[in-house]
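In: Provide a 3D model corresponding to the input given below.
(chains A and B)
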Amino acid sequence: MTTNDATIVAEGLRKRYGSSYALDGLDLTVGRGVVHGLLGPNGAGKTTAVRILATLLSFDGGSARVAGHDVVTEADDVRRRIGLTGQYAAVDETLSGRQNLVMFGRLYHLSARQAKRRADDLLEQFDLTAAADRSGRTYSGGMRRRLDLAASLILAPEVLFLDEPTTGLDPRSRNDMWDAIRSLVAGGTTVLLTTQYLEEADQLAGRISVIDTGRVVAEGTADELKARIGGDRIEVVVHDVAQLGAAAAVVARVGTAEPETDADTRRVSAPVADRMAALTEVVRELQAAGVAAEDVGLRRPTLDEAFLHLTGHQAAIPEETAA
Amino acid sequence: MSTALQRPPALTTPPPARTPAARLRWTAADAWVMTKRNLAHVVRAPEEVVIYFTLPIMFVLVFGYVFGSGMALPGGGDYREFLLPGVFAMTMLYGLGATATGVAFDVDRGVVDRFRSMPMARSALVVGRSAADLVRAVLELTTLVVCGLLVGWQWRNGIGDALAAVGLILLLRLAITWIGIYLGLVVPNPDTVGVIVFPAAFPLTAPSNVFVAPELMPGWLGAVSEWNPLSSTVATTRELFGNPGFGGDSWAAQHSLLLAIGWPLVLMAIFVPLSIRQYQKLSR
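Out: Sure thing, here's the model as predicted:
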């Protein structure tokens, strides 16, 4: 992909707050008609990046083009081609769903008739027709988020920014949101999605940029990121932490790279090439060496591990699994 | 959301305005949409307006009947007739709360972010707010006028002077709107704004000619009261309505018409640029 085909190109974006950098040389290239995930811990700079690309925030260095236009010098051209749905539903909660969509349509300078028809279509698509004339205040969190997304789609934007679109949603609303995002992309929209949830990125994003402390630390498909820390791993948990060294020696002979040991969890692990052969051999050699193992297993790395490996931070856990 | 979402056939929307005249039309159209939005709020949440009406009506009743029975005007005349122009101006001052809270709400709830991510004129949000608040002020004044007529207030100098007085009251409201917009942008927490505005606004109404003649106050307080922007508007509108007033010998009292026009303009010269600067700061 050359930068000419790209819908979003950011080069060396820097944003300073006081003496610290929220963005510190962020580079990003997003192709047409894909979901690109921005993954990172809280405070990594995801929202800052989205706000800059959506023309909401000024920045101190670098440049950015969205849908073929410069976000600073051609901000109005960018604004005609983007939609933005943030963590907090940005709709007028006093007005009804329909009044909101008509108002936003009029602000895009659609005619009164066009704005009304578009509002009706979107209400229908997002399953809000029954609640169309109720005040937004009475909507559930999921409904409000859908209304917010509908408002972002009035002009059928080329680029849609979704800043943690499912934060705080229940699992059902989250799935609805994911379906909506998938069908949008099928219709040709480019989506830049920020999320703290690895599962969300894994589910939706074709490519993922992992952001930490204001810059991209890794980029690729979810599989590529997982592959970064190797393929299958063998993992041994010893009964007695004193035998961890002996177990590591066994694992080192079988593994394709230096084993990682963790005394706290009495765990040693290393990537392996041939799954079954490695498993048999490790079990046999542990016995021969007189090491008492509590558990020996094979597993594939998760995106969580890739994330931890890349950023040194634990990723957030979606509320419903945390609760 | 079972049906697949498709990008609809391209909607026709005019390209962004490039010439100054086209920009002005674009801005006016956006400001009109925002005005309608804020007026729709009044229809959707009428209870808020009722609260703002209740206070001045209470003032008319409490001061007019309870305290007014014991108050004599230095120049003679009916106290309630004297009081009403003061309540008109005071109600405009309390509009500060509605304006500031509305703006703070928008900023707090992120809806301003959506507006700013759209190709709309950036000034439309604040211009629409002040236009809608002016319409609201007309509604409030109409209610108060009816109320006033019921308790014996009237205009005595003809409809022309009465309308001129209303114009001055609305000019004051416009200036107060811009103070409110600034407050709403500076204190972007709607709850805090409500807490700040009322304790701040009430003391502003007391050292003025709304309830008592400044001449009867201690020297320095009388001077503050005579120079109070509220006093200039109230003194001038009393004259225009033909209601009893105090006159007074100070420069401020002698030139109340000049000040009734001048004060709001000065306030706007301060708070319009401040508000615009504060609004632009949102992108930092």
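In: wait, what's in contact with residue A:98?
Out: Going by C-beta atoms under 8 Å, 6 or more residues apart in numbering or on different chains, residue A:98 touches A:119, A:120, A:123, A:132, A:133. Any C-beta I mention is one placed from the backbone N, CA and C, and that applies to glycine too.
In: contact residues of the stretch 151-284 of chain B facing chain A?
Out: B:282, B:283, B:284 (C-beta under 8 Å from any C-beta of the partner chain).
In: all helices of the stretch 101-250 of chain B, in order?
Out: In the stretch 101-250 of chain B, the helices defined using DSSP state H, counting those that start in this stretch lie at B:111-116, B:124-150, B:158-186, B:190-205, B:219-227, B:229-241.
In: make JSON lines out of the ones you listed and add mean neighbour count and distance to residue A:46.
Out: Formatted as JSON lines, the helices of the stretch 101-250 of chain B follow (neighbours: other C-beta atoms under 10 Å in any protein chain shown; distance: least, C-beta to C-beta, whole Å):
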{"stretch": "helix B:111-116", "mean neighbour count": "22", "distance to residue A:46": "15"}
{"stretch": "helix B:124-150", "mean neighbour count": "19", "distance to residue A:46": "27"}
{"stretch": "helix B:158-186", "mean neighbour count": "21", "distance to residue A:46": "26"}
{"stretch": "helix B:190-205", "mean neighbour count": "15", "distance to residue A:46": "27"}
{"stretch": "helix B:219-227", "mean neighbour count": "16", "distance to residue A:46": "53"}
{"stretch": "helix B:229-241", "mean neighbour count": "26", "distance to residue A:46": "47"}
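In: want to throw those helices into a markdown table with mean pLDDT and distance to residue A:262?
Out: Shown next, in a markdown table, are the helices of the stretch 101-250 of chain B (pLDDT from 0 to 100; distance: least, C-beta to C-beta, whole Å):
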| stretch | mean pLDDT | distance to residue A:262 |
| --- | --- | --- |
| helix B:111-116 | 90 | 43 |
| helix B:124-150 | 91 | 54 |
| helix B:158-186 | 94 | 51 |
| helix B:190-205 | 81 | 48 |
| helix B:219-227 | 86 | 73 |
| helix B:229-241 | 92 | 71 |
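In: longest helix of chain A, counting residues only.
Out: Taking DSSP state H as the criterion, chain A has its longest helix at helix A:171-186.
In: the residue in the stretch 151-284 of chain B that chain A sits nearest to and residue A:58: what is the separation?
Out: The stretch 151-284 of chain B approaches chain A most closely through residue B:283 (5.1 Å), counting by C-beta to the nearest C-beta. Residue B:283 sits 5 Å away from residue A:58, going by C-beta to C-beta, to the nearest Å.
In: for residue A:71, same thing?
Out: Taking C-beta to C-beta, one finds residue A:71 at 10 Å from residue A:58.
In: give the contact list for residue B:276.
Out: Contacts for residue B:276 (C-beta under 8 Å, 6+ apart) come out as B:123, B:126.
In: now it: which helix or strand?
Out: Per DSSP states H and E, residue B:276 falls inside helix B:256-280.
In: isn't residue B:174 right up against residue B:267?
Out: No. In this structure, residue B:174 is not within contact of residue B:267 by C-beta atoms under 8 Å, at 9.2 Å.
In: contact residues of the stretch 101-250 of chain A facing chain B?
Out: A:103-104, A:106-110, A:114, A:118, A:121, A:125-127, A:135, A:146, A:151, A:153-156, A:176, A:179-180, A:183-184, A:186-189.
In: now do the same for residue A:11: helix, strand or coil?
Out: Of the three states, residue A:11 takes strand under DSSP: H, G, I helix; E, B strand; the rest coil.
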